[in-house]
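[1] Below are the sequence and a predicted model for it; my questions follow.
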Amino acid sequence: MFVSKLLVTALACLMFAGCTQLVHVPHSKVANGNVVNAGINTQVLIQPPVVPHQQQYEETGLFVVGLLNSWQVDFNKTLPDAVQNVISQTYRSAVVGNSCDQCGLIVRPKITQIDIEKLSMQASVEVQLDILDANGHKITTLQSGGRSSFLSASRLGTGVAGYFIPLLGTAVGSHVVQETVKEALDEALADMSEQVEYQANSGLLARTWLPKNYHRNKQHGNHEYTAEQVAKAAGCNMTSDAIMLEQQKYFQEIYTAHCWGKPTFTIACEYGRCELAEDGKLAQGHN
């Protein structure tokens, strides 16, 4: 049944002097062994490209395809999912969407270039990440590239089949395009994962990033100044880190501290005195 469908598709292409095949490019899961701090608390929003990325390539009787064929390479679903996987290697939470009230960073991915060599079907893919703060101000741009291997054994066998059996050229060519572009994309993503890890831990992203509405929605307590002093003593940098008032009742207040390189911790205040709570116990005090 499957072969019959391929033959019908190929015959249709022949009747109309070639046809365009839509090729959805998948990706492999990135596993970055160099990740130092995969638990960074900042939530990251992955915003899909506004303009969908599709690019068309044509071959005319060259090796792989047999006859006239063209392919439309589609990254629309793959790219956001792939970048979410890349970001999740370093950051604890990454979501795909158009908005996120709790996110401190925004990542806008795009494919800047893709090229497929006609004879070898060797692909090159370039990926770009624009990284912005929650207010949409650009922090940095990361770029990476990948290139598939030169005519693997499977690609060679498929190419020969497509060359000598023109009816299979279209279906075979689509598979070859998908696999060679996927290989190049995977290499670019692996390199991008290492760049994100470096920037997050040692570069321009190595700090706490607060959500867009943090200052607008922030509730102020009577013990805020004293609680900030406790946070500073615990190693927080209050020019970029933050504390949030979680509970307020009579003369008691509970704050949560969000500080770079540290797990979220709690500060408990009562009657003008604040203490750092560890494992539910008050452990350190400041008047």
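    Perfect, I can see it now.

[2] C-alpha only now, for contacts and for neighbours.
    Fine.

[3] Tell me where this protein has strands.
    For the chain, applying DSSP state E gives strands covering 20-24, 40-46, 54-60, 68-74, 91-96, 105-116, 123-133, 138-147, 242-249, 252-258, 265-270, 273-278, 281-286.

[4] Show the average pLDDT along the longest one.
    Along strand 105-116, the predicted confidence averages to a pLDDT of 92.

[5] buried sites along it?
    Neighbour-count burial for strand 105-116, counted by 16 or more other Cα atoms under 10 Å, picks out 105-111, 114-116.

[6] ok, now how distant is the closest residue to residue 48 other than its chain neighbours from residue 180?
    Nearest non-adjacent residue to residue 48, counting by Cα to Cα, 6 or more residues apart in numbering: residue 80, 5.7 Å away. For residue 80, the distance to residue 180 equals 20 Å [Cα to Cα, to the nearest Å].

[7] helices or strands up against the lengthiest helix in the chain?
    Counting residues, the longest helix found in the chain (DSSP state H) is helix 169-202. The elements that helix 169-202 packs onto, with contact taken as 3 or more Cα pairs under 8 Å, 6 or more residues apart in numbering; DSSP states H and E, are helix 2-15, strand 20-24, strand 68-74, helix 78-88, strand 123-133, strand 138-147, helix 153-164.

[8] can you rerun that using 7 Å?
    Applying 3 or more Cα pairs under 7 Å, 6 or more residues apart in numbering; DSSP states H and E, we find helix 169-202 packed against strand 20-24, strand 123-133, strand 138-147, helix 153-164.

[9] any idea of the mean pLDDT in the longest one?
    Okay, so that is helix 153-164. Mean pLDDT, helix 153-164: 50.

[10] next one: the third one
    For strand 138-147, the mean per-residue pLDDT is 97.

[11] in its sheet, what does it sit against?
    strand 123-133 (antiparallel) (DSSP bridges).

[12] Pull out the buried residues from the partner strand.
    In strand 123-133, counting by 16+ other Cα under 10 Å, buried: 123-129, 131-133.
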